[in-house]
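Novice: let me see the structure of the following:
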Amino acid sequence: MTTNVSVLERTQRSPRKDATLRSEKPSKPIRAPKKQARATPVLYMLSTQKYMSPFDINMAIDSGYKVIMPYDNVTLADINPLVQDAIFSRPPQSAPRTGFFIGGKDINLALEMMVAAKAAMVPPFEVSVFADPGGSFTTAGAMVACVERVLNQSYQRSFKGLRLAVFGAGGVVGFASSVLAALEGARVRVVAHDSVDHLLKLAFIAKERFGVRLEPVLGDTDFAKTKIIRESDAIFSAGPAGVGIITRKQMARASKLLVAADVNAVAPAGIEGIELKMDGMPLPGSSVLGIGPLSIGDIKYKTQASLFRRMLTTDKPVNIDFREAFAMARHLANETARAGKPNLA
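Specialist: Numbers count the residues shown, from 1 in each chain. The predicted structure is shown next:
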């Protein structure tokens, strides 16, 4: 008891020796926690195939994403749990810094995955979603935008009422460009090289999902191709790389043909006579204006990069499919034309 009193007496005489018994505030103010750092940009890249495209990964990194998480062999059933794991792990204000990219090679499945991703959102927990399976949406958007620009500049025409034949329409780029052109008012024929069965299915999807009409036709012989080309105002070549599809001879009598566009950058060209950097220049010995794969590819590259950057800089989550890709490609193609510069960077 004596010891305790002695300690108390000493404390009362020298209060500075034991600040814990004082009622004054601490000498140093308690600092408020620092403001939370801006969230790191994260992109989840989903592929329905066995690997995610290195092209798309590089594009995303160069556009500003700091963390890339590729997922392979993703099914439609995987979308809901993946999206919900992502949205609930970050506060809503971080949503624009989180994104999903849907790749693969199946346009219809990619669009279904977009629908599933939107359905998985729980506002205000939402993130951006960008679908570009096989690069089809941005490449198709670029091709349609480049052709539209040449039609407008050289012929004062648009796609409305234009007779368009699409070769290689069974592929992702060919199908996407066919739908885009049809949405812009073109009368589109999709050309089969052996059987129209697959294109009939795609035409049904185009009608049911997008409300546009595609007419499948058989172009399995030189005569059939020549007839199709002669009845067209414009042609797209979107076949496999390194495969020649249309010859000079087949185009020789196509007096009504205005524009020919080719996305094949691997020799031989899909359309004979088209050069890589053509951007509305006449094909050799012809009045047909050609648009080559590097001119289209430049707009495609800029379109995809711009859409990734939009996801990163937006205040609200965005959903990007082939329609947004075309709108961006159209803007970039027209901007390039106004600047009076060639497309190639």
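Novice: name the next helix or strand downstream of the one helix or strand residue 43 maps to, please.
Specialist: Element membership for residue 43, per DSSP states H and E: strand 42-46. Scanning forward in sequence from strand 42-46 by DSSP H and E, the next helix or strand is helix 54-62.
Novice: tell me the centre residue of this structure?
Specialist: Closest residue to the average C-alpha location of the chain: residue 132 at 4.1 Å, with C-alpha atoms, centre = their mean.
Novice: next, the angle helix 54-62 makes with the strand holding residue 43.
Specialist: Computed by axes from the mean of the first three to the mean of the last three C-alpha atoms, to 10 degrees, the angle separating strand 42-46 from helix 54-62 equals 170 degrees.
Novice: what is strand 42-46 packed up against?
Specialist: Applying 3 or more C-beta pairs under 8 Å, 6 or more residues apart in numbering; DSSP states H and E, we find strand 42-46 packed against helix 54-62, strand 67-71, helix 79-87, strand 98-102. Every residue, glycine included, has its C-beta placed from N, CA and C.
Novice: report the buried residues of stretch 269-282.
Specialist: By 16 or more other C-beta atoms under 10 Å, the buried positions in stretch 269-282 come out as 269, 270, 271, 272, 273, 274, 275, 276, 278, 279, 280.
Novice: quickly run through the sheet partners of the strand holding residue 43, with directions.
Specialist: strand 67-71 (parallel), strand 98-102 (parallel) (DSSP bridges).
Novice: make a markdown table from those and add mean pLDDT, distance to residue 124 and mean neighbour count to it.
Specialist: Converted to a markdown table, those look like this (pLDDT from 0 to 100; distance: least, C-beta to C-beta, whole Å; neighbours: other C-beta atoms under 10 Å):
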| stretch | mean pLDDT | distance to residue 124 | mean neighbour count |
| --- | --- | --- | --- |
| strand 67-71 | 97 | 22 | 15 |
| strand 98-102 | 96 | 13 | 27 |
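Novice: turn these into CSV, including distance to residue 237.
Specialist: Shown next, in CSV, are these (distance: least, C-beta to C-beta, whole Å):
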stretch, distance to residue 237
strand 67-71, 31
strand 98-102, 26
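Novice: closest one to residue 117 among these?
Specialist: The minimum distance between residue 117 and the strands paired with strand 42-46 falls on strand 98-102, with 6.0 Å, by C-beta to C-beta.
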